[in-house]
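Enquirer: Need a 3D model of the sequence below.
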Amino acid sequence: MTDPDGFWREAAALIDWYTEPETIMDASALPFSQWFVGGELNTCHNALDRHVDAGRGDQVALIHDSPVTDSQQRFTYSELRDLVARFAGVLRSVGVGKGDRVIIYMPMVPEAAIAMLACARLGAVHSVVFGGFAARELAVRIDDATPSAIVSASCGIEGKRVVEYKPLLDKAIELAEHDPGRSIVLQRPQYEAPMTERDLDWAEAMASAEATECVPVAATDPLYVLYTSGTTGKPKGVQRDNGGHAVALRWSLPAIYDVGPGEVMFTASDVGWVVGHSYIVYAPLLTGATTVLYEGKPIGTPDAGAFWRVIQDHRVKALFTAPTAFRGIKKEDPDAVLLRDYDISSLQTLFLAGERLDPETWTWASETLGVPVVDHWWQTETGWPIAANLRGLEPMELKAGSPSVPVPGYQVDVLDVDGTELPRGEEGAIVIKLPMPPGCLQTLWQDDERFRESYMSRYEGYYLTGDGGYVDADGYVFVMGRTDDVINVAGHRLSTGSMEEVLAGHPDVAECAVIGVHDAMKGQVPRGFVVLKAGVTRGEDEIGPELVALVRSEVGAVASFKNVAVVPALPKTRSGKVLRKTMRQIADGQDAMVPSTIDDASVLDTLRPVLQKGPQGS
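Expert: Numbering: from 1, shown residues only. Take a look at the predicted model:
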């Protein structure tokens, strides 16, 4: 923080440049800051070609592990470079060039990463849309990104279910006002899609493709646009640059995750999310590590031992996934019986992010695996961690409930409603002082005003994270949840996260959510929803009073916590975040905005009557 130019100049030396940057950071037009101004590079060259040029072409770059198709593939750096160069030739043959957008709508197959890297090779801007998204949602993104081409697949596989992508793509193109040009479709054996004149077959196109060299781009040119849900229903296109992104991710992998060249990282996410962009595709390859691209689930493909098998098969050093994955594993196999079947001695660290990690899950994972369990906190907008325990730089004591300390480059402050900095230990809005470090969003795609309004207008000189929490006496950050998850009970501001922490500590509870609902007398009162562990036979009548008593004991009677419902499942996004805001809107009788990222709408339909009938005995 005292010498950002010096620090990031040193980090930039880990990247190959065609032209060295003239200015490390230009903060003359805040909130818009630019990194490595004047520099030219190519992200694909840095992810692939330079490792081959350095004589490491025979090292495995990417492992595709697909329990849903019972198959595995390995690609060396040379093989992956050659495939990416040829697919870049395919894109060029349909008119894609530097600065053009390409939408990628694919399942977790190697071709998804190949398409992303091929765009980067050409200097084109990719926008990955989570495979299987509804046609209307895809159409909205087509109209916003105005792509020159779309890369897709005939289908994806969700557990045992084949999801046909091509009909969804055809419908989206029909709904969209923008003509996206050609579609390149990967035909999978599980479903052969009918093709139109607009469509090119991936395999046929690759058979005759000419390899294409890397195109130099400015460090400040966009690498990708990734859409995240907006409060208005219109998605926000987070725009990431080439230079800052490459430098930040290359620095972060060994420093935060302690993964270096030749070591294996297994990030159990999806390329449709920022975690998949950053730590399945870009950071491992920029570093020269081996990345595992996994087409499966933490449970059900085939069971709750799926992750242990992957760690054993590929000698994984670091596993990164969402807390919800571990809550699912804990629910299905609370005593970790399946773990005994596998040798996971290669695993040195488990990293969890994407939502708040409750201390109960942290403790279970720590005791079960016997390795450090590192909670860390970041967002689609930042692209890499804001707060973490720097395992490769300066490992610290781990504290349950905290993602540890701010990562170098981020000045994290906690402010009250008036913008006054709060003392240590007091809860408020967590913000990041401008300028943001490299790798964070430049702006929102074609919407600078919304960028300012969404993130920079609440507190001048700060980025608003939208999360609330505090920093303790040791400098550890505690993220207690979204600021709209703070409820006001009879004038007392209370965090629903603290109540969830108590519920999750009950031995019968697998996962939980607490929401604040309208109350005529007290303004808001909390309601709890819990999912029980597999094998628990006691019901709501017996467990409910125990949970109410726990919250009253740990949080206090002021919380007015009187109601808990036992439910079969909680509604979530596909990345595992519980839809608390949607639940609260339904409970308050409002028109609920159900996000397009919902994983299984039937879960919400099942829960809706419970939400609408209101608390019992209140």
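Enquirer: what sits against the closest residue to residue 550 other than its chain neighbours?
Expert: Closest residue to residue 550 in three dimensions, ignoring its sequence neighbours and counting by Cβ to Cβ, 6 or more residues apart in numbering: residue 502, at 5.2 Å. Where you see a C-beta, it was placed from the backbone N, CA and C, and this is true even at glycine. Residues in contact with residue 502 (Cβ atoms under 8 Å, 6 or more residues apart in numbering) are 550, 551, 554, 555.
Enquirer: Who wins on neighbours among those?
Expert: The most neighbours of any of the contacts of residue 502, using other Cβ atoms under 10 Å, belong to residue 551, which has 24 neighbours.
Enquirer: Off-centre distance for the helix or strand hosting that residue?
Expert: According to DSSP states H and E, residue 551 maps onto helix 540-554. On the basis of Cα atoms, centre = their mean, to the nearest Å, helix 540-554 sits 33 Å off its chain's mean C-alpha point.
Enquirer: Contacts for that helix, please.
Expert: Helix 540-554 is contacted from outside by 499, 502-503, 505-506, 508-509, 528, 530, 532, 559, 561-566, using Cβ under 8 Å, 6+ apart.
Enquirer: What residues of the very next helix or strand once past it count as buried?
Expert: Using DSSP H and E, the helix or strand that follows helix 540-554 towards the C-terminus is strand 564-566. Buried residues in strand 564-566, defined by neighbour count with 16 or more other Cβ atoms under 10 Å: 564, 565, 566.
Enquirer: quick one: average pLDDT of the helix or strand just after strand 564-566?
Expert: Downstream of strand 564-566, the next assigned helix or strand under DSSP H and E is helix 580-587. Taken as a whole, helix 580-587 has a mean pLDDT of 89.
Enquirer: in the helix or strand that comes right after helix 580-587, what counts as buried?
Expert: Per DSSP H and E, the first helix or strand lying C-terminal to helix 580-587 is helix 601-612. Buried residues in helix 601-612, counting neighbours by 16+ other Cβ under 10 Å, are found at 603, 604, 607, 610, 611.
Enquirer: Might you report the residue contacts of the last one?
Expert: Residues touching residue 611, when contacts are defined by Cβ under 8 Å, 6+ apart, comprise 583, 586, 587.
Enquirer: Touching, the last one and residue 519? I think so.
Expert: No. Under the criterion of Cβ atoms under 8 Å, residue 587 is not in contact with residue 519, lying 10.8 Å apart.
Enquirer: So which of these two has more stuff around it?
Expert: Between residue 587 and residue 519, counted using other Cβ under 10 Å, the more crowded position is residue 587 (22 against 17).
Enquirer: The closest residue in space to residue 106 that isn't next to it in sequence: what secondary structure?
Expert: In space, and not counting its chain neighbours, residue 106 is closest to residue 112: 4.1 Å by Cβ to Cβ, 6+ apart. When classified by DSSP: H, G, I helix; E, B strand; the rest coil, residue 112 comes out as helix.
Enquirer: go on, residue 69?
Expert: Assignment for residue 69 (three-state DSSP): coil.
Enquirer: per-residue confidence for it?
Expert: For residue 69, the pLDDT comes out at 96.
Enquirer: Enumerate every residue touching it.
Expert: Residues in contact with residue 69, defined by Cβ under 8 Å, 6+ apart, are 157, 190, 295.
Enquirer: Now stretch 427-441: average pLDDT?
Expert: 96.
Enquirer: Span of that stretch from start to end?
Expert: The straight-line separation of the ends of stretch 427-441 (Cα to Cα, to the nearest Å) is 26 Å.
Enquirer: Can you mark which positions in it are buried?
Expert: 427-432, 434-441.
Enquirer: swap in stretch 16-32?
Expert: Under 16+ other Cβ under 10 Å, the buried positions of stretch 16-32 are 17, 21, 24, 25, 26, 31, 32.
Enquirer: Quickly find the element holding the fourth one.
Expert: Meaning residue 25. strand 23-29.
Enquirer: Next secondary structure after the longest helix belonging to the chain?
Expert: Identified as the longest helix of the chain according to DSSP state H is helix 77-93. Next in sequence after helix 77-93, counting helices and strands by DSSP H and E, comes strand 101-105.
Enquirer: if we look at that next one, which residues are touching it?
Expert: Everything outside strand 101-105 that qualifies as a contact, by Cβ under 8 Å, 6+ apart, is 91, 96, 112, 115-116, 119, 124-129, 131, 133, 138, 141-142, 145-153, 165, 169, 180, 225, 271.
Enquirer: in that strand, what's buried?
Expert: Across strand 101-105, burial judged by 16+ other Cβ under 10 Å covers 101, 102, 103, 104, 105.
Enquirer: Just the angle for it relative to helix 77-93, thanks.
Expert: For strand 101-105 against helix 77-93, the angle by axes from the mean of the first three to the mean of the last three Cα atoms, to 10 degrees is 120 degrees.
Enquirer: neighbouring strands for strand 101-105, and are they parallel or not?
Expert: strand 125-128 (parallel), strand 149-153 (parallel) (DSSP bridges).
Enquirer: Distance from stretch 342-350 to the middle of the chain?
Expert: Computed by Cα atoms, centre = their mean, the chain-centroid distance of stretch 342-350 equals 23 Å.
Enquirer: which residues touch it?
Expert: Residues outside stretch 342-350 that contact it (Cβ under 8 Å, 6+ apart) are 257-258, 264, 305, 308-309, 311-312, 315-321, 365, 369, 371-374, 391.
Enquirer: Can you flag the buried ones in the residues you listed?
Expert: For these, buried by 16+ other Cβ under 10 Å: 257-258, 264, 305, 308-309, 311-312, 316-321, 365, 369, 371, 373-374, 391.
Enquirer: what mean pLDDT does the helix or strand hosting residue 137 have?
Expert: Secondary structure from DSSP H and E places residue 137 in helix 135-145. For helix 135-145, the mean pLDDT works out to 92.
Enquirer: buried stuff in it?
Expert: For helix 135-145, a neighbour-count test (16+ other Cβ under 10 Å) marks 135, 137, 138, 139, 140, 141, 142, 144, 145 as buried.
Enquirer: quick one: it to strand 149-153, angle?
Expert: Going by the same axes, to 10 degrees, helix 135-145 makes 150 degrees with strand 149-153.
Enquirer: next one: helix 135-145 to chain centre, how far?
Expert: Here helix 135-145 is found 20 Å from its chain centre; the criterion is Cα atoms, centre = their mean.
Enquirer: Also stretch 97-115?
Expert: The chain centre lies 18 Å from the centre of stretch 97-115; the measure is Cα atoms, centre = their mean.
Enquirer: got the end-to-end distance for it?
Expert: Where stretch 97-115 starts and where it finishes are 14 Å apart, if you go by Cα to Cα.
Enquirer: For residue 156, list the residues it contacts.
Expert: By Cβ under 8 Å, 6+ apart, the neighbours of residue 156 are 106, 107, 108, 131, 132, 162, 163, 165.
Enquirer: What of residue 434?
Expert: 27, 30, 31, 33, 456, 461, 462, 463.
Enquirer: Against residue 593, how distant is it?
Expert: 30 Å (Cβ to Cβ, to the nearest Å).
Enquirer: now do residue 308
Expert: Separation of residue 308 from residue 593 (Cβ to Cβ): 38 Å.
Enquirer: shaky segments in the chain?
Expert: 229-233, 484-486, 488, 490-493, 614-618 (pLDDT under 70).
Enquirer: what about 50?
Expert: For the chain, residues meeting the criterion pLDDT under 50 lie at 616-618.
Enquirer: Now do the SS call for the most centrally placed residue in it.
Expert: Nearest to the geometric centre of the chain sits residue 275, at 3.8 Å (Cα atoms, centre = their mean). Using three-state DSSP, the structure places residue 275 in helix.
Enquirer: Just give the closest residue to it, not the sequence neighbours.
Expert: Nearest one to residue 275, counting by Cβ to Cβ, 6+ apart, is residue 269 at 3.9 Å.
Enquirer: Counting neighbours, what do you get for that neighbour?
Expert: What residue 269 shows, counting by other Cβ under 10 Å, is a neighbour count of 25.
Enquirer: Against residue 109, how distant is it?
Expert: In terms of Cβ to Cβ, residue 269 sits 15 Å off from residue 109.
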